[in-house]
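>>> coords please:
(2 chains)
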Amino acid sequence: MVLKKIFWTTSITTVRGKKEKQMKTIIVILASLLILPAVCSAQEGDLAAEVRELRAKLERLEKKMTDEEAQKMKRAEAERAALTEQVKKDVMTDVAAKSQSYFGKLVEQTKVGAYGSMRYGTSSLDDLHNTFTFRRLVLTVDSPIAERLKANLELEFERFTELEVEKRLFSSRGVGLQQAVEGTNHSEISLEQAWMQYDIADWLKFRAGALLVPLGRFNINHDDNRWDLPRRSLIDRGVPVLPSTAAWPELGAGFLGDFSAGTTGKVSYQWYVMNGVALDAELEQISQTRAGDTTKFAQEVELRPSRGTFADDIKSGKALATRWAYSPWLGDEIGVSLYWGRYTPDFLPSRPVFSLALDGKKTWGPFEIEGQYVHTRWSGVKDVALAFARKAINSETEAEIGDVETEVEFELANLATSKQGYWVDFRYRFWPEFLGNTLLGKHFANPQLIATLRLEQVWFNQLIKEMAFSSTSLTQFEKENRLLNRVTMGLTYRPVPLVALQLAYEYTRTNRGKSLSSVTNFLTSSKDREYFQHAVLMGLAFGF
Amino acid sequence: MDSKISLRQIGIWLVCLALSLGSSQFALGQEGVFLKDEEAPKAVFPEADSFERKVVRSNEEIKAKIQQRMGKTKTSLWEDSYVTFVAKKGETILGYAAIVEEIGKHRPITFIVGVGPDRKIKDAALMVYREAYGGEVRDRRFLQQYKGKQLKDPLLPYRDIQNISGATMSVEAIGRGSKKALALLEVVYFEGTERK
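Residues are numbered from 1 along each chain as shown, chains lettered A, B, ... in the order given. All right, here's what the predicted structure looks like:
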């Protein structure tokens, strides 16, 4: 553009005088030659700056694009890695789920729990000390073996501390066996339940194994932490009126189920055939030194009703038990149950025991009434006693050799022609608001206090009092009618449903002048004047 | 009196059992699973003709909001996500439902809770019950008690819910789960982004 101007100026000068024009032209050209480099130099500087700027811009753009590309790649790489990780995880989960073994699933689904109770008790009876008692710890296991198949187990450790057996066979101028059994007082290990169930339908389930006998409502709901008083009822445990003490399992099989009855009603049933209760022997050994007398070594064999064997039955007849319950609506239920079966071993005449139980529960908001009545009839008690005398020959045999007196005694225990009794609980559940912010309430969602009044009575009709026989004949057979009453008042605090802290007062009384120990299995009273007992119990029951 | 049970009696007994096992009508008997995911909303909104299914991913924010609405009630199990439904009849929304889980004594109980537009429980139905005892919580006569209950109610045994003896843990679990469902649906549908 600058050059164009120069040429344009030069062409104008040619129009004027030639010389003048030539002169001017020379001057212009010279001037132009002098000025032009400066002009060109300035223009060149602008261009270079412009180019530098453009180059810098280009470089910045290139850098930006490179950075963005790098970031994009980094993001894509991260996404790819995450996706790969997720797919890997999914595949692993899938593979793990598919490859989980049957045994693995079984172990995972099998749940181990427990319930138990302990208490501190005081008693007005001279022979009973104030004491802590660990009543029982029951381990529970349940497992869904497969669809519709499940198994359940309860193993009880009652007052159990230890059991140790030492046994040694030795030879020293002959062969000898040395055996020592170490155990703790009143300790017991017992299988309370062990069964398998096949759910065919809601109303038809097959169950077989060691089953809880469905007689009354307590035996089938006996878990300590479900009850609000620290001692079990007389008819179920303390006497008992049930043919055997609760918890009472028998080996057998049968059906159970439930079905709707009306819009809110429900009927449930259990029906089993089992080995059943039998008179079984208990052996008691006594070694006793006596001041001014010989040392006594005695063996007492006591034949008393016991739960049926889990081995070969000692009798040929089997027992039947069934319970039918109708619940018209939630919270209320009435049940009737029957038990019938031979109770005598094969070496005695066949005689049945029959039990009838009625039970129920009624709820009105926080008030509840729950109860159970049981009547048990032992047929042919005298016939059984006679036959027993014939088989055992002598009820008591003793001999004295040197300073040792040896005695063997046979006894028929805890039998009456009939026993009947009931318990009824009146409960009121409450929770005062002011306790909500105290230690008792603030850590728990639904703590409760339960006030309970329990009334109990047991009638014994022709209870065997004394029995003796000699040379296969009955020489003494005395029976008596007895009555046992108990009133219990209790207050229970439940921070959560599975834990109960219990406080209770009990008053137990039998016929005036008669011992409580002859009609209960938990009160020791050697004096006839002790026909009543005051007791205070503090209990703890728990489950998990 | 002879108490022996004859072989004939046992035989009759076994024949009855065999007939029972052989009958196809028993195939639909009791199982641990009572309702599947796709059947569940119909159980609580039988009158609905369509259901819009939505999975709500759980996160700390949702948990905090639910817990805030549940007050003192603490859940025993937090799900990773919740399957929810909008129940419709034609274009009308009948309510919302959520599938929730809570631990009974040892194992989770899965159930669905349907909530009406009035924010009250319309119905609840048990889907899976895994505990060895306490299966009565699936009975209609038990679950009916939850109808009309709302977030402010305790939903606790011996308070506003009739307990089932021997199944108190399961009864408490159903109460906690129902509250969780009410709070979830409140957060997601009545107050949240999914508000219809």
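
>>> In the strand ranked longest in chain B, which residues are buried?
The strand of greatest length in chain B, counted in residues with DSSP state E as the criterion, is given as strand B:92-103. By neighbour count, with 16 or more other C-beta atoms under 10 Å in any protein chain shown as the criterion, the buried positions of strand B:92-103 are B:Ile93, B:Leu94, B:Gly95, B:Tyr96, B:Ala97, B:Ala98, B:Ile99, B:Val100, B:Glu101, B:Glu102, B:Ile103. From N, CA and C alone the C-beta is placed, and that goes for glycine too.

>>> what pairs with the fifth one across the strands?
The bridge-partner assignment for B:Ala97, based on DSSP bridges, gives B:Phe85, B:Gly114.

>>> any idea how far it lies from B:Gln145?
From B:Ala97 across to B:Gln145, the span is 18 Å (C-beta to C-beta, to the nearest Å).

>>> all helices of chain B, in order?
Read by DSSP state H, chain B holds these helices, from start to end of the chain: B:7-22, B:40-44, B:60-70, B:140-143, B:168-185.

>>> By mean pLDDT, show me the worst of those.
Per-stretch averages of pLDDT across the helices of chain B put helix B:7-22 at the bottom, with a mean of 59.

>>> pLDDT weak spots in the stretch 51-200 of chain A?
Counting by pLDDT under 70, the ranges of the stretch 51-200 of chain A that qualify are A:91-107.

>>> Show me which residues of it are close to chain B?
By C-beta under 8 Å from any C-beta of the partner chain, the residues of the stretch 51-200 of chain A that approach chain B are A:Gln109, A:Lys111, A:Gly113, A:Asp142, A:Pro144, A:Glu147, A:Arg148, A:Lys150, A:Asn152, A:Asp199, A:Ile200.

>>> of all the buried residues of strand B:92-103, which comes closest to chain A?
When the buried residues of strand B:92-103 are ranked by distance to chain A (C-beta to the nearest C-beta), B:Ile103 comes first, at 11.2 Å.

>>> Of the buried residues of strand B:92-103, which pair is most distant in space?
B:Ile93 and B:Ile103 (31.9 Å; C-beta to C-beta).

>>> Show me what counts as buried in stretch B:34-47.
B:Phe34, B:Leu35, B:Ala40, B:Pro41, B:Lys42, B:Ala43, B:Val44, B:Phe45.

>>> what comes into contact with it?
Outside of stretch B:34-47, the residues that reach it under the criterion C-beta atoms under 8 Å, 6 or more residues apart in numbering or on different chains are B:48, B:51, B:83, B:85, B:87, B:89, B:94-95, B:97, B:99, B:112-114, B:122-129, B:138.

>>> picking up where we left off before, okay if I get the buried residues of strand B:92-103 as CSV plus pLDDT?
Formatted as CSV, the buried residues of strand B:92-103 follow (pLDDT from 0 to 100):
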residue, pLDDT
B:Ile93, 96
B:Leu94, 97
B:Gly95, 97
B:Tyr96, 97
B:Ala97, 97
B:Ala98, 97
B:Ile99, 97
B:Val100, 96
B:Glu101, 95
B:Glu102, 95
B:Ile103, 93
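
>>> how close does A:Leu453 get to chain B?
Distance, A:Leu453 to chain B, using C-beta to the nearest C-beta, to the nearest Å: 18 Å.
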